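>>> Quick one: sequence plus predicted model below, questions after.
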Amino acid sequence: MALTHFDAQGAAHMVDVSDKAITDRIAVAETWIRMLPETLDIITEGRAKKGDVMGVARLAGIMGAKRTSDLIPLCHPLPISKVAIDLEADPTLPGIRITATVKTTGQTGVEMEALTAASTCALTVFDMAKAVDKAMEIGGLRVVLKDGGKSGRFEAS
C-alpha cells in the first residue's frame, strides 16, 4: 500500500479523482469528551453561562464538516448532502459521546468531513464549558463506518 497524497518524487499533491466513479458515500466518526460529573450536569440541565452547549456544538460540527477542505490542505471540496451530529450524555464516562454522519454523492469519500465534524463538535463543548472545567479531555476520535467507492465498506470493530 502506498500513500496517495504523494507523487513519484515524494511531493505532496491533491489526488486526481476525475476518473473515479460517482457513487453514494457515507462516513461515520465518533469521539468523546470526558468531564467532571458536575460539568456534565451543568450542560445537560441547561445551566451553562454561554447557553445551549449541545445545540451550539451540533451546529459547530455541521459547520466543521462543510469547511473541511479549508482546514485540511489536500482534502477535496465536496458537495455534502447530509451532516448529522448526535451528542449523547454519558454519566459513566462522565461526559458526552459524539457521533457525526456525513453523506455525499461524489468521486471521493467523506471520512475527513466526518472526523472534522466530530472533533469540531467536541472542541466547541470544551470551549463552552472550560470556565467550569479546564481539565476536560477529548479522545477516541475515529472513523467507525465508511461506505461507497472502489474500496467498499469499512466498519470498525
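Now that the structure is in, tell me what you want to look at.
>>> now the helices: where do they sit in the protein?
Taking DSSP state H, the helices of the chain run over residues 37-44, 53-66, 68-71, 111-129.
>>> Kindly reformat those helices as CSV containing distance to residue 30 and mean neighbour count.
For glycine as for every other residue, the C-beta is placed from the backbone atoms N, C-alpha and C. Below are these laid out as CSV (distance: least, C-beta to C-beta, whole Å; neighbours: other C-beta atoms under 10 Å):
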stretch, distance to residue 30, mean neighbour count
helix 37-44, 18, 17
helix 53-66, 12, 21
helix 68-71, 17, 15
helix 111-129, 6, 24
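>>> Make TSV from those helices and add mean pLDDT and distance to residue 23 to it.
Listed next are the helices of the chain as TSV, based on pLDDT from 0 to 100; distance: least, C-beta to C-beta, whole Å:
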stretch	mean pLDDT	distance to residue 23
helix 37-44	98	38
helix 53-66	98	19
helix 68-71	97	19
helix 111-129	98	14
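>>> quick one: the strands in this structure?
Remark: strands assigned in the chain by DSSP state E are 23-34, 80-90, 95-106, 137-147, 154-155.
>>> Pick the most buried one from those strands.
Greatest average neighbour count among those goes to strand 95-106 (a mean of 23), per mean count of other C-beta atoms under 10 Å.
>>> so what does that strand touch, helix or strand wise?
When contacts are defined as 3 or more C-beta pairs under 8 Å, 6 or more residues apart in numbering; DSSP states H and E, strand 95-106 packs onto strand 23-34, helix 37-44, helix 53-66, strand 80-90, helix 111-129.
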